[in-house]
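> Dropping a prediction and its sequence here:
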Amino acid sequence: MGIKADIKLIDDNGLRIDGRLPNQLRPIRMEVGVLERADGSAFIEWGGNKIVAAVYGPREAYPKHVQEAEKAIVRARYSMAPFSVDERKRPGPDRRAIELSKVISEALESVIFVEKYPRTSIDVYIEVLQADAGTRVAGITAASLALADAGIPMRDLIVGCAAGKIDGVVVLDLNKEEDNYGEADVPMAILPRTKEIALLQMDGDMTYEELKTAMDMAMEAAQKIYQMQVEALKKKYLEVE
Amino acid sequence: MSNSKFTAGVIPEMMKKYIHKLASKGTRIDGRGFDEIRPLKITKGYAKRAEGSALVELGRTKVLVGVKIEIGTPFPDTPNMGILTTNAELAPLASPTFEPGPPGEEAIELARVVDRGIREGHAIDLEKLVIEEGEKVWIVFVDIHVLDYDGNLFDASGYGALAALADAIVPASRYELGDDYKLPVQHYPVPVTFAKIGNWIVADPNLDEESIASARLTVTTNEEGKINAMQKGLSGTFTYEEVQKVINMSMDIGRQVREIILGDSDGKED
């Protein structure tokens, strides 16, 4: 995974550099309906990540040849602002963004009743404004809220969460330093109701037991994040009534 | 998005019913068991102009991987490491659904998953590829050329990349840096890909199986039983138990494949 360095990521008290316990999430704040023009939108602040997600559609899919006769296509576009990272990122999708857009699209499609909207596209735009590791899982979490906000029928919300390994210890929700100097990262997206896994990636070095612990941690945390999603949706929609 | 690009809507519904029916009887369209991969043949040293190469035939899927090694400057943040770069070309001759032009998202995902396996599995020790710290390092280019697409490019390409690296010679004499030597390969992280078909999970899906699969999972494990990389794809889902099962199957199959990659190539010319 990361670059080798003599940085201690867990101190003598078993705490992480930002003071968290191994199985502790960073602070998360979500808000639904933050953009005027989009059909649905959401903002998420997850540790040092700031990400906004917008949904347009279902709308007629263009260009025409991408249309599917029996279902809507789900097109997510993960994008990082040039100023979202320490060293300016050149605008436009790089290879990483193209891969992430693909796996995020597939994960989101798993919850959407795509067969209801043939020949349309459901476009999901995820813009990372400030990055601090875990952007894809935070982005999926926000995208799920934006889809709900757009009124897209779904069989569940979808929750992103990552776990990993630093200094030989399995931990939840890696921050930037931990991601850079850690030993493994396991980003996941989970359907909270059925506990199905819609996105799963991993890189680094883990034993079977460590990976199992990491997956357990992420799946448990997903339930907490799901509660926050529900609260964020209620906050918008109960106030309207 | 799914894999529509690959399959372009050919009687998928009938195929799906047929494959499901076979699965319910415990078999597959080509008669394999669920945890059985297609016959694998690896020919190392196939492309002589490359520093290392391997032609992989996994069933009827054919992939040629070439390794070129050149001198360049290291990345500023890793002055004491050589460079590994992986690229995949879905050549239009390999399938009616592949088009010429810059790599699409399938090719990019393929290259990145193969790259992740060999990089995170530390197949080659990049620190040994430094000529002059911060100034001059060896750059190892791994180029994946898909020649015939009959499913499961991830594994065919991953095996080809490993075998080509194992076959590669660092061309030191070309740059007057002493004698040529074998590229030091220290680990063999082997990917194994599974497809979810109905509620069944099969290893090494062929094109027909891939075209009707709901989800896909690639797990890369090394000779120490460590897990180095995973990639889930397609719009279906896996349960927790299914993932555990897939990881265990990947380790078992990975062990067999590693023997073949390490073995003397039967097709070796000269």
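Done, it's in.
> Could you use CA atoms for every contact and neighbour count after this?
Noted.
> what about residue 24, neighbour count?
With no chain named, the answer covers chain A. Number of residues near A:Q24 (other C-alpha atoms under 10 Å in any protein chain shown) recorded here: 15.
> I was thinking of chain B, sorry if that wasn't clear
The burial count for B:S24: 12, using other C-alpha under 10 Å.
> And the pLDDT at it?
B:S24 carries a pLDDT value of 93.
> tell me the helices in chain A, going along the chain?
Counting by DSSP state H, chain A has helices at residues A:95-109, A:135-149, A:176-181, A:208-240.
> which other helices and strands contact the first one?
It stands for helix A:95-109. strand A:73-80, helix A:135-149, strand A:197-206, helix B:105-120, strand B:227-233 (3 or more C-alpha pairs under 8 Å, 6 or more residues apart in numbering or on different chains; DSSP states H and E).
> List the buried residues in that helix.
Neighbour-count burial for helix A:95-109, with 16 or more other C-alpha atoms under 10 Å in any protein chain shown as criterion, is recorded at A:97-109.
> Reformat the helices and strands packed on helix A:95-109 as TSV; add mean neighbour count and mean pLDDT.
As requested, the helices and strands packed on helix A:95-109 are arranged in TSV below (neighbours: other C-alpha atoms under 10 Å in any protein chain shown; pLDDT from 0 to 100):
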stretch	mean neighbour count	mean pLDDT
strand A:73-80	24	97
helix A:135-149	28	98
strand A:197-206	26	97
helix B:105-120	23	96
strand B:227-233	27	97
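> Of these, which is nearest A:E231?
helix A:135-149 (10.8 Å; C-alpha to C-alpha).
> Using PDB, list the CA coordinates for that closest one.
Listed next in PDB are the C-alpha coordinates belonging to helix A:135-149 (Å, rounded to 0.1, in the frame of the first residue of the first chain):
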ATOM      1  CA  THR A 135     -13.500   9.800  -0.600                       C
ATOM      2  CA  ARG A 136     -15.100   6.900  -2.600                       C
ATOM      3  CA  VAL A 137     -17.000   5.600   0.400                       C
ATOM      4  CA  ALA A 138     -18.100   9.000   1.600                       C
ATOM      5  CA  GLY A 139     -19.100   9.900  -2.000                       C
ATOM      6  CA  ILE A 140     -21.300   6.800  -2.200                       C
ATOM      7  CA  THR A 141     -22.900   7.600   1.100                       C
ATOM      8  CA  ALA A 142     -23.700  11.100  -0.200                       C
ATOM      9  CA  ALA A 143     -24.800   9.800  -3.600                       C
ATOM     10  CA  SER A 144     -27.300   7.500  -1.900                       C
ATOM     11  CA  LEU A 145     -28.900  10.400  -0.100                       C
ATOM     12  CA  ALA A 146     -29.000  12.400  -3.300                       C
ATOM     13  CA  LEU A 147     -30.700   9.500  -5.100                       C
ATOM     14  CA  ALA A 148     -33.300   9.400  -2.300                       C
ATOM     15  CA  ASP A 149     -33.700  13.200  -2.500                       C
END
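> other SSEs contacting that helix?
strand A:28-32, strand A:40-46, strand A:49-60, helix A:95-109, strand A:120-130, strand A:159-166, strand A:184-190, helix A:208-240.
> residue closest to the middle of the chain?
With no chain named, the answer covers chain A. Geometric centre of chain A, nearest residue: A:V137, 2.0 Å, by C-alpha atoms, centre = their mean.
> I was thinking of chain B, sorry if that wasn't clear
Nearest to chain B centroid, counting by C-alpha atoms, centre = their mean: B:G158, 1.8 Å.
> In a strand, it, correct?
No. Under DSSP: H, G, I helix; E, B strand; the rest coil, B:G158 sits outside any strand and is assigned helix.
> Chain A contacts on the stretch 151-270 of chain B?
Counting by C-alpha under 8 Å from any C-alpha of the partner chain, the residues of the stretch 151-270 of chain B close to chain A are B:225-240, B:244, B:247.
> Do a quick rundown of the strands in the stretch 151-270 of chain B.
Here the stretch 151-270 of chain B has its strands, by DSSP state E, counting those that start in this stretch, at B:169-170, B:181-182, B:190-197, B:200-203, B:215-221, B:227-233.
> mind putting the helices and strands packed on helix A:135-149 in JSON lines, distance to B:G31 and mean pLDDT included?
Output for the helices and strands packed on helix A:135-149, formatted as JSON lines (distance: least, C-alpha to C-alpha, whole Å; pLDDT from 0 to 100):
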{"stretch": "strand A:28-32", "distance to B:G31": "50", "mean pLDDT": "98"}
{"stretch": "strand A:40-46", "distance to B:G31": "48", "mean pLDDT": "97"}
{"stretch": "strand A:49-60", "distance to B:G31": "42", "mean pLDDT": "96"}
{"stretch": "helix A:95-109", "distance to B:G31": "30", "mean pLDDT": "97"}
{"stretch": "strand A:120-130", "distance to B:G31": "39", "mean pLDDT": "96"}
{"stretch": "strand A:159-166", "distance to B:G31": "38", "mean pLDDT": "98"}
{"stretch": "strand A:184-190", "distance to B:G31": "34", "mean pLDDT": "98"}
{"stretch": "helix A:208-240", "distance to B:G31": "31", "mean pLDDT": "94"}
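> Can you say which of the ones you listed is nearest to B:L84?
Nearest of the helices and strands packed on helix A:135-149 (C-alpha to C-alpha): helix A:95-109, 15.2 Å.
> Chain neighbours aside, what residue packs nearest to residue 76?
With no chain named, the answer covers chain A. Leaving aside its chain neighbours, A:A76 sits nearest to A:V124 (4.4 Å; criterion: C-alpha to C-alpha, 6 or more residues apart in numbering or on different chains).
> try chain B instead
Taking C-alpha to C-alpha, 6+ apart, and ignoring the residues beside it in sequence, B:P76 has B:G134 as its nearest neighbour in space, at 7.3 Å.
> residues contacting the one you found?
Shown in contact with B:G134 (C-alpha atoms under 8 Å, 6 or more residues apart in numbering or on different chains): B:73-74, B:76, B:78-80.
> Contacts only, for B:T193.
B:152, B:154-155, B:203-205, B:216-219, B:250.
> cutoff 7 Å now
If you count contacts by C-alpha atoms under 7 Å, 6 or more residues apart in numbering or on different chains, B:T193 has them with B:155, B:203-204, B:217-219.
> ok, now B:S250?
By C-alpha under 7 Å, 6+ apart, B:S250 lies in contact with B:192, B:219.
> returning to that earlier point: need the buried residues of helix A:95-109 in JSON lines with distance to B:R49, can you?
Formatted as JSON lines, those follow (distance: C-alpha to C-alpha, whole Å):
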{"residue": "A:A97", "distance to B:R49": "33"}
{"residue": "A:I98", "distance to B:R49": "32"}
{"residue": "A:E99", "distance to B:R49": "31"}
{"residue": "A:L100", "distance to B:R49": "35"}
{"residue": "A:S101", "distance to B:R49": "36"}
{"residue": "A:K102", "distance to B:R49": "35"}
{"residue": "A:V103", "distance to B:R49": "36"}
{"residue": "A:I104", "distance to B:R49": "39"}
{"residue": "A:S105", "distance to B:R49": "40"}
{"residue": "A:E106", "distance to B:R49": "39"}
{"residue": "A:A107", "distance to B:R49": "42"}
{"residue": "A:L108", "distance to B:R49": "44"}
{"residue": "A:E109", "distance to B:R49": "44"}
